[in-house]
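**Student:** Starting from these lines, generate the structure:
(2 chains)
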Amino acid sequence: MNLQFASRISLDGRLARAAFLLIVSIFFAMSYSPAARAQEPQYFVTYSHALEEPGNLEIEFRGTAASPKNGNPFESGTIEFEYGVTGWWTSEFYLSGQTTQNDSTVFNGFRFENRFRPLLHEHIINPVLYVEYENLNEADRSLLEITGHDGIQNYIVPNGIERSITERSLEAKLILSSNFRGWNFSENFIAEKDLNESDPWEFGYALGVYRPLALAASPKDCTFCRENFAAGAELYGGLGDTNGFGWRATSQYFGPLVAFSIPHGPTITFSPNFGLNDNSLSVVYRVKVSYEFQQFFRSVRGVLP
Amino acid sequence: MTAANHFKARSGARRISRGCNAPIRLLAGVLALIACMAAANGSWLKHVPAKDRARVNPYAGQLDAIAAGGKLFADHCAPCHGADALGRGKRPSLRSERVQDATDGELAWMLRNGNLAHGMPSWDMVPEPSRWQLIAYVKSLGPSVPLRPHNHAARSPQDPSR
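**Tutor:** Residues are numbered from 1 along each chain as shown, chains lettered A, B, ... in the order given. Prediction:
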C-alpha cells in the first residue's frame, strides 16, 4: 500500500515537473523563437497536404459553439500541439473539453494523429495518409470531423450520461490536395472504427477551398495588408456506415471561413458553419488561434542552461 | 536470485543489448551521413526538369520584389538558414556558389517541391508570386565572401542593392 502511495507521489511529482518544464519551455520559446507566418490553409475540418515544417511546433486553440434545438447551448475547446517530425511526417496531439449551459463542464479526452506524405514531390493531386487514435468520451462536442450517422440527438444527452461512455477509436483519412494559381483544393475521405465494440466502420468526408487575398507580398511591413488575410469555405458531413452508406440520417455542414495572420504573431480564423439538413445543428460557430514556434527545440536548447 | 545477482544479470543484458545495437547505430550513422552528403551536394539539381530549369523570374532585380522577398525570407527561411543566409549546422548556405549559380527556375523548382527526405519542406503553400520574390531576394544576396570586417559590413544581407 505504502509502495503504491509512494510511487503515485513519485509519478505525480514527475508529471508536475514535466508540466512545469513544458510551460517554462513554451514561455522561453515564445520569447526567443520567432513566430512563423502560417501559410497552410486554415481549415477547421478539412486537411490539406501542407505538413508542419520540420522542427516547428504549432500550438492551436479551437473553440466551437452551438445551440442545439431542444437542448442546451454548448462551447467546446480543443488545444492542439502539432510538430513537424520530418519533411514528410507530422504528428499532432489534441486535448478536448466542453461546457454545456445548465449542465456541467467536462474533459473529453485526447486524440493522437500522424500524417504522412508518401510522394516526396509536388503533383497535381497530392495524397497524404492520416492515422489517428482517439480516446474520447461521448460528451465530446469538438466536431473535428463528422462520421457515421451523426445527428442532433447526440447533442441533447446530459453530460453526466455521456461522459461515462468512453470510445476508443481508430480513424484513417485519405487526404487529397492540390494547389493551383494560389487556390488550394482539398478532399478528405474518412473511415472510423470503434475499437471497443463491434460497431461497423463509419465514414465521412470533408471538402475545402482556400485562397490568400494577395499572392505577392508587400515590400513594406504592414499588419492589415491583403497578404495577411485569406478566405475559404468548407463542406463536410457523414456518409453513414458499412450497414447503411450514404448522405441520409446524418449531418451535413457548409461554412465560409476567414483567416488573419498577424505579422510575427498568431493566426486567427473564424467560420460560421450552417447545417444543411434536419439532422444538423442550425449554426456552429468556430474560431481558432494558432501560433507557430519555429525550430522549437533548438530555441529551447539555446535558452535553457 | 539475490538482488546483487539480479543487478549483475541486468547489467550484462544491457551490455549485450548495447553490443547488438552498435552495428545498427553505426549503420544508421552512415546512412544519415550519406543522406546529409546527398542533400548538401546539390544532387537535387539533377532532378529539375528542363522546362522548369528554363523558367525566368518575372521579378528579377526589382527592388520592391527584393524587399518583399526579404520579409518572406525572415519569416520562412532565416530560422534554418540563418538571417545572413550562410547556413546553420547541416542547413546549407544560400549564398554558396551552387545556390547563387542555380537558375531562377531551378530554385523555383526546389522551393515548390522541397527536399522532403532531407529536411527541406515544400513551400508550395506559399503562392508562386511570393516564391519568385523570395528567389529575387536570395539572388540579391550574392555569393558569400570571406568574413573580413570591412567586407562583412559592406555586404550586409540587409542591403539588397549590392
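
**Student:** Show me what the strand or helix carrying residue A:90 is packed against.
**Tutor:** Remark: residue A:90 resides in strand A:89-100, with elements defined by DSSP states H and E. Contacts defined by 3 or more Cβ pairs under 8 Å, 6 or more residues apart in numbering or on different chains; DSSP states H and E place strand A:89-100 against strand A:74-86, strand A:105-116. For every residue, glycine as well, the C-beta is placed using N, CA and C.

**Student:** Chain B: which of these is closest?
**Tutor:** Evaluated over the helices and strands packed on strand A:89-100, closeness to chain B peaks at strand A:74-86, with 6.9 Å, by Cβ to the nearest Cβ.

**Student:** follow-up on the earlier one: export the helices and strands packed on strand A:89-100 as a markdown table, with columns for mean neighbour count and distance to chain B.
**Tutor:** Listed next are the helices and strands packed on strand A:89-100 as a markdown table, based on neighbours: other Cβ atoms under 10 Å in any protein chain shown; distance: least, Cβ to the nearest Cβ, whole Å:
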| stretch | mean neighbour count | distance to chain B |
| --- | --- | --- |
| strand A:74-86 | 19 | 7 |
| strand A:105-116 | 18 | 11 |
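
**Student:** Roughly how far does residue A:117 sit from residue B:131?
**Tutor:** Note on residue A:117: its distance to residue B:131, by Cβ to Cβ, to the nearest Å, is 19 Å.

**Student:** If you count neighbours, what's buried in stretch A:243-256?
**Tutor:** Neighbour-count burial for stretch A:243-256 flags A:250-255 (criterion: 16 or more other Cβ atoms under 10 Å in any protein chain shown).

**Student:** measure that stretch end to end?
**Tutor:** End-to-end distance for stretch A:243-256, by Cα to Cα, to the nearest Å: 32 Å.

**Student:** With stretch A:147-163 instead?
**Tutor:** Termini of stretch A:147-163 sit 19 Å apart (Cα to Cα).

**Student:** And for that stretch, what's in contact with it?
**Tutor:** For stretch A:147-163, contacts defined as Cβ atoms under 8 Å, 6 or more residues apart in numbering or on different chains pick out A:66, A:68-72, A:74, A:98, A:100, A:103-104, A:106, A:108, A:137-139, A:141, A:171, A:190-192, A:202-204, A:237-241, A:244, A:249-251, A:278-281.

**Student:** May I see the buried residues of that stretch?
**Tutor:** Applying 16+ other Cβ under 10 Å to stretch A:147-163 flags A:147-152, A:154-155, A:159, A:162-163 as buried.

**Student:** and which of those is nearest chain B?
**Tutor:** Using Cβ to the nearest Cβ, residue A:147 is the member of the buried residues of stretch A:147-163 that lies nearest chain B, at 26.9 Å.

**Student:** Quick check: pLDDT value at the closest one.
**Tutor:** Residue A:147 carries a pLDDT score of 95 in this model.

**Student:** go on, residue A:248?
**Tutor:** Residue A:248 is assigned 82 on the pLDDT scale.

**Student:** wouldn't it be in contact with residue A:240 here?
**Tutor:** Yes - using Cβ atoms under 8 Å, residue A:248 makes contact with residue A:240 at a distance of 7.3 Å.

**Student:** follow-up on the earlier one: nearest to residue B:43, out of the helices and strands packed on strand A:89-100?
**Tutor:** Judged by Cβ to Cβ, the one of the helices and strands packed on strand A:89-100 that comes nearest to residue B:43 is strand A:74-86, at 18.2 Å.

**Student:** Tell me how far that closest one lies from the chain's centre.
**Tutor:** Counting by Cα atoms, centre = their mean, to the nearest Å, strand A:74-86 is centred 5 Å from the centre of its parent chain.

**Student:** Packing partners of it?
**Tutor:** Using 3+ Cβ pairs under 8 Å, 6+ apart, the elements in contact with strand A:74-86 are strand A:57-66, strand A:89-100.

**Student:** Let's have the ones you listed in CSV, adding mean neighbour count and mean pLDDT.
**Tutor:** Putting the helices and strands packed on strand A:74-86 into CSV (neighbours: other Cβ atoms under 10 Å in any protein chain shown; pLDDT from 0 to 100) gives the following:
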stretch, mean neighbour count, mean pLDDT
strand A:57-66, 20, 96
strand A:89-100, 19, 97
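
**Student:** So which of the ones you listed is nearest residue B:126?
**Tutor:** Comparing the helices and strands packed on strand A:74-86 by Cβ to Cβ, strand A:57-66 comes nearest, at 16.4 Å.

**Student:** for that closest one, packing partners?
**Tutor:** Counting contacts by 3+ Cβ pairs under 8 Å, 6+ apart, strand A:57-66 packs against strand A:74-86, strand A:283-293.
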